[in-house]
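J.: Structure for this input, please:
(2 chains)
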Amino acid sequence: MDFGSFLSAPEIQVKVITYRDIFQDKAMFEDRFGEEYRDLSAVIKLDPEDLKQLNVKKGETVILKNSFGKVVVKAEESGYETPHRGIAYMPKSPWSNILVSDETGGTGVPKFKDISVTVTSAKGEKVTELMR
Amino acid sequence: MEKNYHVCTGCGLLCDDIEVESEKNIVNKVYTACRVGVAHMKEARRAEADFLVDNKPVDEDTATREAASILKNARNPLIFGLGTSTNETQKIAIELAKKINATLDDTSSFCLGPLVEALIQDKLKTCTLDDIRNKADVIIYWGTDPSDSHPRQLSKHTYFPRGSEKQRGWEEERTAIAIDVRKSHTAKICGNYFFQIPPKGDAEFIDALIAGLSGKLPKTSYNYPPKKLLELANILKGAKFGVIFVGRGLIYSLENLEPLFKLMKILNEKSNFHLIPMVGNCNTMGFNKNLFAETGYVNSIKFENGTVKHGPEYSVVESLKAKTVDAALVIGSDPLLILPGSIAKNMLEIPVISVDHCETLTSKHSKVYINTAISGVEAGGSAIRMDGVKVSFEPVIETNHPSEEVILKKIMEAL
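T.: Got it, this is the predicted structure:
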């Protein structure tokens, strides 16, 4: 592997906020192991400028990583008019849950909507499959 | 022709105006329900196996006996889930928990539990969805997006209906407001009344709003335009019947509920405001109320020889994290799907009994799997709507699968 190109792979830090999506919920009711649920869940919605910085086109995969886990998901543009660089959105799912901290301060409440991750291009790697 | 309406148990709204066409105990068509409701009543994929022990097909008796044996041999078993179970099932689960000295919790411990507890204890003013349909003029959605989570709420209960005292509807008589960190589908409906705040900016926004309501200049560290905040304060002051729907977006952002108590206090000095939590599952409210009636707590408890211990250490998250539970009975829930992977993984180390109509991540890793009737579709009973109203329902179709209620009773008998 060309070590130089590895070093220059753009990397950004984002805060991920999770949300509910009716299409994804419907797909879960039908089959949580199905393709539709995976396609609607394993997604991160980024600011177009963040996508540009990552040198990733919408629909391509990215690696999301932090000290709790790593997943490969599809990158999309958020479509929000207001710029939100550094903040990204994911439907709540096992894919986002892999990245949620186990630090709860003893409250019993994980930080489902406050996830810090590093994003890099997955260079064509496939979306992470659900643990079976 | 008299219509036969059914109840959808797809979410906390418990819509009671659903028409269904069925033949030979298969639902062919579902009318009136939302996308999720139709999927719940018609498309729900049932697991192929009826009863499994160690992934091998067994009969019902063997499965319930094995489940009883796991619970009996456990030092501190966890009973978790029950958010989609009927009240009747939940009461049996509480009895079972008592009998086996179990830790008992549901999803509310990491969702809206504290808020529901405050409402049950009459610390906040609430109302029913029917009151809102008939009277509400100002509807606030804070940290919640019902267009995705409770799809028919705006059309059936809150914004669009022409209620008895709101015949001129949303065009003239109702204002819907969204306060959120992103422009959700609900925020789009709210149009100019969408107030976008930064993540974790809720407590400050509440403070600024309270200042605005008190005639002071509303200030935030993120420079939210004071003019817009004052405009919001004026709408709230003028409300004849206001309601705040609170979602996880707001609850997760607050350190505690104090800011919300303060806001509700001043709103009720200036006008008339109610609060309803956006409870997700069809009977989480029932679980909280039934457990409160029995123990004085809404979740996160442990029974111990007739006494009840309560605290976050008995929540599903903390007890799995600290590995204090050594077996789990999961009813109608999929903790391996909904919990952080870093915590859920501990569940793989203990014997799990999964009671659910469908195959789940949890059931795939369970020692015992029991395929039960879907509450509200194949099993009757009652549930508590998100606003505290009890709704009873008959099964829509018949099934050979036992109800959760029957299974829990059998496990109790086999203990």
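
J.: give me the number of residues near the closest residue to B:S403 other than its chain neighbours?
T.: Of all residues not flanking B:S403 in the chain, B:A379 sits nearest, at 4.0 Å (C-beta to C-beta, 6 or more residues apart in numbering or on different chains). In this view, the C-beta of every residue, glycine as well, is placed from N, C-alpha and C. Using other C-beta atoms under 10 Å in any protein chain shown, B:A379 is surrounded by 27 other residues.

J.: Check the gap between B:A379 and B:I26 for me.
T.: Distance of B:A379 to B:I26, given as C-beta to C-beta, to the nearest Å: 16 Å.

J.: A:K74 contacts A:T61, correct?
T.: Yes: A:K74 lies in contact with A:T61 (C-beta atoms under 8 Å); the separation is 5.7 Å.

J.: tell me the SS of the residue of chain A found nearest chain B?
T.: Nearest residue of chain A to chain B: A:G108, at 3.2 Å (C-beta to the nearest C-beta). Taking DSSP: H, G, I helix; E, B strand; the rest coil as the rule, one finds A:G108 in the coil state.

J.: who touches A:F23 in this structure?
T.: Each residue near A:F23 by C-beta atoms under 8 Å, 6 or more residues apart in numbering or on different chains is listed here: A:L40, B:R35.

J.: Report pLDDT for it.
T.: Looking at A:F23, its pLDDT is 96.

J.: Equivalent analysis for the one 10 residues further on, please.
T.: On the pLDDT scale, A:F33 is placed at 93.

J.: Repeat that for B:R45.
T.: pLDDT recorded at B:R45 is 74.

J.: and it, how many residues sit next to it?
T.: Neighbour tally, B:R45, other C-beta under 10 Å: 15.

J.: Please report how far it lies from B:L361.
T.: For B:R45, the distance to B:L361 equals 14 Å [C-beta to C-beta].

J.: ok, B:R75 touching B:D326?
T.: Yes: using C-beta under 8 Å, B:R75 is in contact with B:D326, at 5.4 Å.

J.: Same drill for those two, tell me which one is more crowded.
T.: Taking neighbours as other C-beta under 10 Å, B:R75 and B:D326 compare with B:D326 leading, 15 against 9.

J.: Contacts only, for the residue nearest to that one when sequence neighbours are not counted.
T.: Take B:D326 and drop its neighbours on the chain: the residue closest to it by C-beta to C-beta, 6+ apart is B:A74, 5.0 Å away. Counting by C-beta under 8 Å, 6+ apart, B:A74 touches B:I100, B:V325, B:D326, B:A327, B:P351.

J.: quick one, longest helix in chain A?
T.: Ranked by residue count under DSSP state H, the longest helix found in chain A is helix A:22-30.

J.: what's downstream of it, the next helix or strand?
T.: Sequence-wise, the next helix or strand downstream of helix A:22-30 (DSSP states H and E) is helix A:35-41.

J.: For that following helix, give me every contacting residue.
T.: A:21, A:23-24, A:27-28, A:30-31, A:74, A:91, A:93-96, A:127, A:129-130.

J.: quick one: which of these has the most company?
T.: Going by other C-beta under 10 Å, A:S96 tops those with 28 neighbours.

J.: Which stretches in the stretch 251-400 of chain B count as helices?
T.: Here the stretch 251-400 of chain B has its helices, by DSSP state H, counting those that start in this stretch, at B:258-270, B:284-295, B:316-321, B:335-338, B:341-344, B:361-364.

J.: go on, chain A?
T.: Counting by DSSP H, the helices of chain A are A:3-8, A:22-30, A:35-41, A:48-54, A:94-97.

J.: Go through the ones you listed and name the closest to B:T284.
T.: Proximity to B:T284 (C-beta to C-beta) singles out helix A:22-30 among the helices of chain A, at 15.5 Å.

J.: Helix or strand: which one has B:N234?
T.: B:N234 belongs to helix B:226-237, assigned by DSSP H and E.

J.: helices and strands of the chain: which one bottoms out on pLDDT?
T.: Since you didn't name a chain, this refers to chain A. Ranked by mean pLDDT, DSSP states H and E, the weakest helix or strand in chain A is helix A:3-8, scoring a mean of 55.

J.: I was after chain B.
T.: That would be, for chain B by mean pLDDT, DSSP H and E, helix B:169-172 at a mean of 92.

J.: what's the following helix or strand after it?
T.: Next helix or strand after helix B:169-172 toward the C-terminus (DSSP H and E): strand B:175-180.

J.: Now do the buried residues in the one helix or strand B:I189 maps to.
T.: Element membership for B:I189, per DSSP H and E: helix B:185-190. The neighbour-count criterion (16 or more other C-beta atoms under 10 Å in any protein chain shown) identifies B:H185, B:T186, B:A187, B:I189, B:C190 as the buried residues of helix B:185-190.

J.: quick one: which two of the residues you listed are the most distant?
T.: Largest pairwise distance in the buried residues of helix B:185-190, by C-beta to C-beta, is 10.1 Å, between B:H185 and B:C190.

J.: Could you point out which residue ranges in the chain have low pLDDT?
T.: This is for chain A. Chain A contains residues with pLDDT under 70 at A:1-8, A:131-132.

J.: The chain in question should be chain B.
T.: By pLDDT under 70, the weakly predicted segments of chain B are B:1-2.

J.: Having no further points to raise, I will conclude here.
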